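# prediction below, plus the sequence it came from.
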Amino acid sequence: MYLSISGYSSLAKILRLICVSLFLLGFIGLASAQELLRIPTSAPNNGVAFVEGLYTSPVGSGSAQRKPAVILVHSGWGWEVPVTAQYAKALNQAGLATLELRLFRNAAERVASNIGYLQNLYDALHFLGNRADVDPEKISVAGFSFGGIIALTSATSWAKERFGGETGRKFAAHAPFYPLCYRYAEFAKAGRATADLPADLLVRWTGAPVRIFAGEKDDYEDRDPKICDTFVASIPEPQRNAFSVMVYPEATHGWDQHTATFYERLACKGRGCTNRNVANPTVTAKGIADLVTFLSSPSK
C-alpha cells in the first residue's frame, strides 16, 4: 500500500490521537471512582427514608478488592458548605474509600436532636459493610463540629447497642474534629441522665481508638486548650487508653472551613458569645495529614 506524504501525516495524527485517548482512558481508570448512594435508614431524614452519601473508591483500587473506608460527617452548616471533600481526597490517595454523608443541605434543615443522625450514621456503617469492595472490619468515622459530636458519641457503647442492630458491628476508629469537648466534660461530671441519654453514656465505650482534633483558640471551648484533656481524664480506665487528643496552637473552631464571625449560644462553654472561625490552610493541611496517619495505622 502506497501513502503520499500528506496521507502518511494524516495517519500519524490519527495514531497519535488513538494513543492519547488510550492513555487518558487508562488514567481515568486509575482515578477515583465516585457514586452518589442512597442509603436506606430507619430514621427518616427530613421525611425521606434514605440518606445520601458520595462514595469514592481510592485511586487504582479494583472493585472486587476489599478496602478500608471512612465515613465523613459534615459540619452544622450542612453539606453544601464544603469541608469533607478535602479530607476525602487525601484519604483516597492513601488507599481508603470514603463516604461523605449528606445529612442535611444547610443549617435551616437541621433538626434539634442528634439521635436520628446517629441512626443515619450507623445505617451507613451497615450499608458500607455489606458492599463487596469494603472491609466491614475497617470502617472508621471522622466528623467536623456537629459531625465531630456525631463521630465522638458514636464511639459509646450506648450508641453501638442502640443503633448497631443485631450484627454488633462497630466502627474501627473515630476522629472527631472540634466536637465541643466542654459539653462532654460537663455531662461526665454531672453523671445525670437526660431525656435522650443515659447517665453512664460516657462511662462505657466500644474500645475503638478515638483521636480528638482540637483548636487552642476555639471560642466554643472558651479558648481552653486543656478542655479535651479534661474530658478524656473523666473516662474510666482502661477505656481511657483508647483516647488521644491533638491540639493545634492558634487554631480556632472550624479552621478547615471558611472564615466567619457570629454569635453562638453554645460558645464560651455555653455562656453564649461571639465565635470566630478563621480559615487556616496551614493547620488544615496538618490536620488532613494527621488524620490520614491516624486512620492508616495498621491497628485501625
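Structure received.

# please make it C-alpha for all contacts and neighbour counts, starting now.
Noted.

# mean confidence for the helix or strand harbouring residue 140?
If you go by DSSP states H and E, residue 140 is part of strand 134-144. Averaging pLDDT along strand 134-144 gives 97.

# so where do the helices sit in the stretch 201-300 of the chain?
Along the stretch 201-300 of the chain, the stretches classed as helices by DSSP state H, counting those that start in this stretch are 227-233, 281-296.

# quick one: residue 170 and residue 162 touch, right?
No - with contact defined as Cα atoms under 8 Å, residue 170 does not reach residue 162; the gap is 11.6 Å.

# tell me which of those two has more neighbours.
residue 170 (26 against 12; other Cα atoms under 10 Å).

# pull the contacting residues for residue 93.
Contact analysis of residue 93 by Cα atoms under 8 Å, 6 or more residues apart in numbering lists 58-59.

# scratch that, residue 147 is what I was asking about
72-76, 176-177, 179.

# residue 213 against residue 249, yeah?
No - counting by Cα under 8 Å, residue 213 does not reach residue 249; the two are 11.3 Å apart.

# who has more neighbours, these two?
Ranked by neighbour count (other Cα under 10 Å), residue 213 and residue 249 place residue 213 first, with 21 against 13.

# let me know which of the helices of the stretch 201-300 of the chain is tucked in deepest.
A comparison of the helices of the stretch 201-300 of the chain by mean neighbour count, using mean count of other Cα atoms under 10 Å, puts helix 227-233 on top with a mean of 19.

# elements contacting that one?
Judged by 3 or more Cα pairs under 8 Å, 6 or more residues apart in numbering; DSSP states H and E, helix 227-233 is in contact with helix 181-190, strand 243-248.

# just the buried residues of the shortest one, please?
Right, the one you point to is strand 243-248. 243, 245-248 (16 or more other Cα atoms under 10 Å).

# turn those residues into TSV, including distance to residue 133 and pLDDT.
Below are those laid out as TSV (distance: Cα to Cα, whole Å; pLDDT from 0 to 100):
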residue	distance to residue 133	pLDDT
243	29	98
245	32	98
246	32	98
247	34	98
248	35	98
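
# residue 69 belongs to a helix?
No - counting by DSSP: H, G, I helix; E, B strand; the rest coil, residue 69 is not part of a helix but strand.

# quick revisit: from the buried residues of strand 243-248, pick the one nearest residue 203.
Nearest to residue 203 out of those is residue 243 (Cα to Cα; 13.0 Å).

# that closest one: what's it in contact with?
Counting by Cα under 8 Å, 6+ apart, residue 243 has contacts 209-212, 232.

# among those, which are in strands?
If you go by DSSP state E, those have 210-212 in strands.

# columns neighbour count, distance to residue 94 and pLDDT on top of these, output as CSV?
Formatted as CSV, the ones in strands among the contacts of residue 243 follow (neighbours: other Cα atoms under 10 Å; distance: Cα to Cα, whole Å; pLDDT from 0 to 100):
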residue, neighbour count, distance to residue 94, pLDDT
210, 23, 20, 98
211, 21, 19, 98
212, 23, 21, 98
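
# least trustworthy helix or strand in the protein by mean pLDDT?
helix 5-30 (a mean of 40; mean pLDDT, DSSP states H and E).

# quick one on the thing from earlier: dump the ones in strands among the contacts of residue 243 into TSV; add distance to residue 96 as well.
Supplementary listing: those in TSV, determined by distance: Cα to Cα, whole Å:
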residue	distance to residue 96
210	18
211	18
212	20
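
# show me which pair in the contacts of residue 243 is furthest apart.
Most distant of those, by Cα to Cα, are 209 and 232, 12.6 Å apart.

# give me the below-cutoff pLDDT ranges for the stretch 1-150 of the chain.
For the stretch 1-150 of the chain, the stretches with pLDDT under 70 are 1-32, 61-64.

# and which of the ones in strands among the contacts of residue 243 is nearest residue 106?
The nearest one, if we look at the ones in strands among the contacts of residue 243 relative to residue 106 and count by Cα to Cα, is residue 212, at 24.7 Å.
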